[in-house]
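1. pasting the sequence and the predicted model now:
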Amino acid sequence: MSTYITLLDCDTVLGDLMGDVLRVINKELGEERFRYEDMQDFWISNVTADEGYDEEEINTIMNADGFIENLTVCPGAQAGVEALKGLGEVFVLTKPSRHSPTWVYERLIWLQKNFGIDANHVVHTGAKHLVYGNLFVDDLHENIHTWNRRWQNSHSVLWDAPWNQNDNAHYRTGSWNQLVNWAEKFKRLRRFC
Ligand SMILES: [Mg+2]
């Protein structure tokens, strides 16, 4: 039987990009102006622009040297990835920033350091629907639905986030235990494309 392939998004699933950006903004503003749980929009600047943090400012924060290399690891993610590795192969499917010359490099360093995921297990693309897997996990609902249409015999899980609460994805969780339980079940039930 072929290897079970899990495709994991990076930001919000493995690393707390949104939280880290908000921590920088709040520190600069000197108050807890923005809370992660209040972020109703995936695009941070749509929420923060009124405080002067437009797209350009957000990019400046994210593109600072070492920002991506020192991203906060999401709680439970390391143990969860290890469990998923136990089911087969884990690949990270992540869209690179076109604004930063160091984004891809720092992401590779971070994934190796925190998850033992090497460059051969990272796909840097915004066209996630082109990549085959048995299971795909992402917090951006558009990605989930586009991928589902392409790989109809596979499974996807929408990673729970404040900005995707209105989406009707069939599988949704923010729990690594739940995700691993589903992955185990999906692997037992899998069909071949
Ligand atoms: Mg993400």
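-> Looks like it arrived, so ask away.

2. which residues of the chain fall in helices?
-> Along the chain, the stretches classed as helices by DSSP state H are 17-29, 44-48, 55-62, 77-85, 103-115, 141-150, 176-189.

3. please name every helix or strand in contact with the third one.
-> Read that as helix 55-62. helix 17-29, helix 44-48 (3 or more Cβ pairs under 8 Å, 6 or more residues apart in numbering; DSSP states H and E). To be clear about C-beta, it is placed using only N, CA and C from the backbone, and glycine gets the same treatment.

4. nearest to the ion, out of those?
-> helix 17-29 (7.4 Å; Cβ to the ion).

5. just the CA trace of that closest one, in PDB.
-> Extracted as PDB, the C-alpha positions of helix 17-29 are listed here (Å, rounded to 0.1, in the frame of the first residue of the first chain):
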ATOM      1  CA  LEU A  17       2.300  34.100  12.300                       C
ATOM      2  CA  MET A  18      -0.900  36.100  13.100                       C
ATOM      3  CA  GLY A  19      -0.200  36.100  16.800                       C
ATOM      4  CA  ASP A  20       3.400  37.200  16.300                       C
ATOM      5  CA  VAL A  21       2.400  40.100  14.000                       C
ATOM      6  CA  LEU A  22      -0.200  41.200  16.500                       C
ATOM      7  CA  ARG A  23       2.400  41.100  19.300                       C
ATOM      8  CA  VAL A  24       4.700  43.400  17.400                       C
ATOM      9  CA  ILE A  25       1.800  45.800  16.700                       C
ATOM     10  CA  ASN A  26       0.500  45.800  20.200                       C
ATOM     11  CA  LYS A  27       4.000  46.400  21.600                       C
ATOM     12  CA  GLU A  28       4.400  49.400  19.300                       C
ATOM     13  CA  LEU A  29       1.000  50.800  20.200                       C
END
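
6. the worst-scoring helix or strand of the chain on mean pLDDT: which residues count as buried?
-> The helix or strand of the chain with the poorest confidence is helix 44-48; it has a mean of 92 (mean pLDDT, DSSP states H and E). Judged by neighbour count (16 or more other Cβ atoms under 10 Å), helix 44-48 contains these buried residues: 44, 45, 47, 48.

7. which residues are contacting that helix?
-> Residues outside helix 44-48 that contact it (Cβ atoms under 8 Å, 6 or more residues apart in numbering) are 18, 21-22, 25, 34, 38-41, 53-55, 57-58.

8. give me the buried entries from these.
-> Looks like those have 18, 21, 22, 25, 34, 39, 53, 57, 58 buried, using 16+ other Cβ under 10 Å.
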